[in-house]
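Trainee: sequence-free structure coming up:
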């Protein structure tokens, strides 16, 4: 073993240089580690929003949401009033409580004076000159009822039930149902599935709620119903994919999910829920797919045969899209912006520092790009007008921003957060700049991210899926429910109408007519009327 003394130079100046170099390297490493620790703390304990919080705003962040701030108390008091303030040249309505929906049934209670109070001091009876009306919202707990299906039997007494042609006993056929021989009506199935996949209410909690109503409905039964309904709805999913592939743009994203009992895999192994959003922009379609893998083969199989734009984040599993001639791969500015926002989060409240850092400059560039789209939206521009506006205003900003990024990349440590943010943006630049080529494109993939958020919220409640078949059933039901929501339909009433008519649909056209994008709204109104009865 060679002693350290024999490898170090004897010249003090050279030794000082070595020590200074080591100190510089360690200081850079320590700075990077401190930066990462600050980011982890911000991600773990800070706000999830990407908005930069000023120090004055932090005082408003209380531990419990139940404790109102003075500002919230003032707003609450203001909501109880709806006064009009007269101002020269116009009348302005003071912000107040929104009126209750007109379609809700009204129960009128008249609070009248006793007869003796209506007599004036002169002895005459006072006349009614008006009234004051105030409205309150009341809630009636869910009402349960039992539907009895009675099918009379008929027989010929003379033939004693049998003649030469066979038995003479006749009875009406049972009604078509989503789950034959089950006690579950379309309304009950819609209620259970809406509670689970819209309100994130696990089956074991619903079981307790049903018990409070005096009905024993076990979670295992509801789970079986969900899987059977998903199986019956599978033909709709095939039509969903057809709808998505017809659109000019498909947005894709994925998130994690844990499946406990999957053959050949440990319970702690991570699986994935994929989301694809596309089709007609005014009647969008969403498809969720469960896969044990995050490999790009999943997206490649779904997108097979597609021609158009595909928008994703920077995950390497989507890199194959850059080599598909029929596809134009578009990047996501929200992900690029998030990298720079993470840098800001490690620097503390924005009011306690000067906004002169590199991350601030980058966010200013990105903010200008979004401001152009916001202005176009306010002006009501169509896709062609938006494209022209972007070409005139956004393209010069992109050119300037790219030059700024290239120059700053030469002077920032590549392993620092700002260095990683700049490198990510430059690596994704070819995809990021493509949104200006077509006014139908959005600068980010937020619609897909927003579509996958309901699944993430539900996952926080039910944590995992028991088996892979259950995860696949969840994907089917999320696809149907989220597509209904994206098309402006109430998920409960849509599911109720769907479950009433799906058992009767046999042809391709009949199935397509039941999709949320194409369903006759009168069918949903009819289901709503049945529910009122």
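Mentor: Nice, I can see it. Here the structure is a predicted model, which is why all the values come from computation and not from measurement.
Trainee: Break this structure down into its domains, please.
Mentor: As given by automatic domain parsing, the domain ranges for the chain are 202-229, 333-444.
Trainee: Please give the element, helix or strand, for the closest residue in space to residue 494 that isn't next to it in sequence.
Mentor: Computed as CB to CB, 6 or more residues apart in numbering, the closest residue to residue 494 that is not its neighbour in sequence is residue 484, at 4.3 Å. Placement of C-beta: from N, CA and C, glycine included. Take DSSP states H and E as the rule and residue 484 turns out to sit in helix 468-486.
Trainee: Packing partners of that helix?
Mentor: helix 186-197, helix 219-232, helix 234-245, strand 249-261, strand 270-278, strand 285-291, helix 446-462, helix 491-501 (3 or more CB pairs under 8 Å, 6 or more residues apart in numbering; DSSP states H and E).
Trainee: how far is the third one from where the chain is centred?
Mentor: So that's helix 234-245. Helix 234-245 sits 20 Å away from the centroid of its parent chain (CA atoms, centre = their mean, to the nearest Å).
Trainee: Report all helices and strands that that helix contacts.
Mentor: strand 270-278, strand 285-291, helix 468-486, helix 508-512.
Trainee: check contacts around the residue nearest to residue 494.
Mentor: By CB atoms under 8 Å, 6 or more residues apart in numbering, residue 484 lies in contact with 490-491, 494-495, 516.
Trainee: Put together JSON lines for the residues you listed, with neighbour count, pLDDT and distance to residue 134 on each row.
Mentor: Below are the contacts of residue 484 laid out as JSON lines (neighbours: other CB atoms under 10 Å; pLDDT from 0 to 100; distance: CB to CB, whole Å):
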{"residue": "490", "neighbour count": "15", "pLDDT": "94", "distance to residue 134": "28"}
{"residue": "491", "neighbour count": "20", "pLDDT": "95", "distance to residue 134": "32"}
{"residue": "494", "neighbour count": "26", "pLDDT": "95", "distance to residue 134": "34"}
{"residue": "495", "neighbour count": "30", "pLDDT": "96", "distance to residue 134": "36"}
{"residue": "516", "neighbour count": "26", "pLDDT": "95", "distance to residue 134": "38"}
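Trainee: What is the nearest of those to residue 443?
Mentor: residue 516 (26.9 Å; CB to CB).
Trainee: shaky segments in the chain?
Mentor: Across the chain, the ranges flagged by pLDDT under 70 are 1-6, 35, 38-39, 42-96, 160-167, 348-356, 463, 527-533.
Trainee: which residues of it fall in strands?
Mentor: 84-87, 90-93, 153-154, 162-163, 166-167, 170-171, 249-261, 270-278, 285-291, 308-311, 327-330, 465-467 (DSSP state E).
Trainee: Mean neighbour count, those: which tops it?
Mentor: strand 285-291 (a mean of 25; mean count of other CB atoms under 10 Å).
Trainee: what's the spacing between the residue nearest to residue 457 when sequence neighbours are not counted and residue 16?
Mentor: Nearest residue to residue 457 in three dimensions, chain neighbours excluded: residue 200, at 5.3 Å (CB to CB, 6+ apart). Using CB to CB, to the nearest Å, residue 200 is found at 63 Å from residue 16.
Trainee: and if you look at residue 508?
Mentor: 82 Å.
Trainee: and the closest residue to residue 397 other than its chain neighbours, how many neighbours?
Mentor: Of all residues not flanking residue 397 in the chain, residue 368 sits nearest, at 5.3 Å (CB to CB, 6+ apart). Neighbour count of residue 368, defined by other CB atoms under 10 Å: 15.
Trainee: Over to residue 147?
Mentor: 9.
Trainee: I figured it hits residue 186, correct?
Mentor: No - under the criterion of CB atoms under 8 Å, residue 147 makes no contact with residue 186, lying 10.1 Å away.
Trainee: re the thing from before, out of the contacts of residue 484, flag the one nearest to residue 295.
Mentor: The closest of these to residue 295 turns out to be residue 516 (CB to CB; 30.1 Å).
Trainee: Same list (the contacts of residue 484) but as a markdown table, adding distance to residue 142.
Mentor: Output for these, formatted as a markdown table (distance: CB to CB, whole Å):
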| residue | distance to residue 142 |
| --- | --- |
| 490 | 16 |
| 491 | 16 |
| 494 | 19 |
| 495 | 16 |
| 516 | 24 |
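Trainee: quick check, nearest of the residues you listed to residue 244?
Mentor: residue 516 (13.1 Å).
Trainee: now the closest one: how far from residue 524?
Mentor: Counting by CB to CB, the gap from residue 516 to residue 524 is 10 Å.
Trainee: Quickly list what's touching both of the two.
Mentor: By CB under 8 Å, 6+ apart, the residues touching both residue 516 and residue 524 are 489, 494.
Trainee: Nearest to residue 287 among the contacts of residue 484?
Mentor: residue 516 (12.4 Å).
Trainee: I'd say that closest one and residue 483 touch.
Mentor: Yes - counting by CB under 8 Å, residue 516 touches residue 483, with 4.8 Å between them.
Trainee: quick one on the thing from earlier: tabulate the domains of the chain (TSV), appending distance to residue 140.
Mentor: Below are the domains of the chain laid out as TSV (distance: least, CB to CB, whole Å):
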stretch	distance to residue 140
domain 202-229	13
domain 333-444	41
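Trainee: nearest to residue 30, of those?
Mentor: That would be domain 333-444 among the domains of the chain, by CB to CB, at 11.7 Å.
Trainee: chain center to that closest one, what's the gap?
Mentor: 24 Å.
Trainee: start to end distance for it?
Mentor: 5 Å (CA to CA, to the nearest Å).
Trainee: what's the neighbour count on the residue nearest to residue 359 when sequence neighbours are not counted?
Mentor: Of all residues not flanking residue 359 in the chain, residue 343 sits nearest, at 3.9 Å (CB to CB, 6+ apart). Neighbourhood size, residue 343 [other CB under 10 Å]: 24.
Trainee: and residue 343, what is it in contact with?
Mentor: So residue 343 contacts 357-359, 417-418, 421 (CB under 8 Å, 6+ apart).
Trainee: The residue nearest to residue 397 and residue 361, how far apart?
Mentor: 11 Å.
Trainee: same thing with residue 23?
Mentor: Distance from residue 23 to residue 361, by CB to CB: 30 Å.
Trainee: ok, residues contacting stretch 24-40?
Mentor: Outside stretch 24-40, the residues within contact range by CB under 8 Å, 6+ apart are 342, 345-346, 413, 415-417.
Trainee: and if you look at stretch 215-233?
Mentor: Applying CB under 8 Å, 6+ apart, the external contacts of stretch 215-233 come out as 144, 178-179, 182, 184, 189, 192-193, 196, 202-204, 206-207, 210, 469-470, 472-474, 476-477, 480, 498-499, 502-503.
Trainee: which of those are buried?
Mentor: 178-179, 184, 189, 192-193, 196, 203, 206-207, 210, 469-470, 472-474, 476-477, 480, 498-499, 502 (16 or more other CB atoms under 10 Å).
Trainee: what ranges do the helices span in the stretch 1-150 of the chain?
Mentor: 12-45, 55-58, 70-79 (DSSP state H, counting those that start in this stretch).
Trainee: okay, now residue 176: neighbour count?
Mentor: 12.
Trainee: if I look at it, how far off is residue 330?
Mentor: Counting by CB to CB, the gap from residue 176 to residue 330 is 45 Å.
Trainee: Please apply the same query to residue 141.
Mentor: 48 Å.
Trainee: What of residue 219?
Mentor: 43 Å.
Trainee: what's stretch 306-326 in contact with?
Mentor: 245, 247-254, 294-296, 298-300, 303, 327-332, 335, 424, 427-428, 430-431, 434, 438, 440-442, 445, 448.
Trainee: For PyMOL, write the select line for the buried members of the residues you listed.
Mentor: A single PyMOL command selects the buried members of those (16+ other CB under 10 Å):
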select buried, resi 245+247+248+249+250+251+252+253+254+294+298+299+303+327+328+329+330+331+332+335+424+428+431+434+438+440+441+442+445+448
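Trainee: Many thanks, we can stop here.
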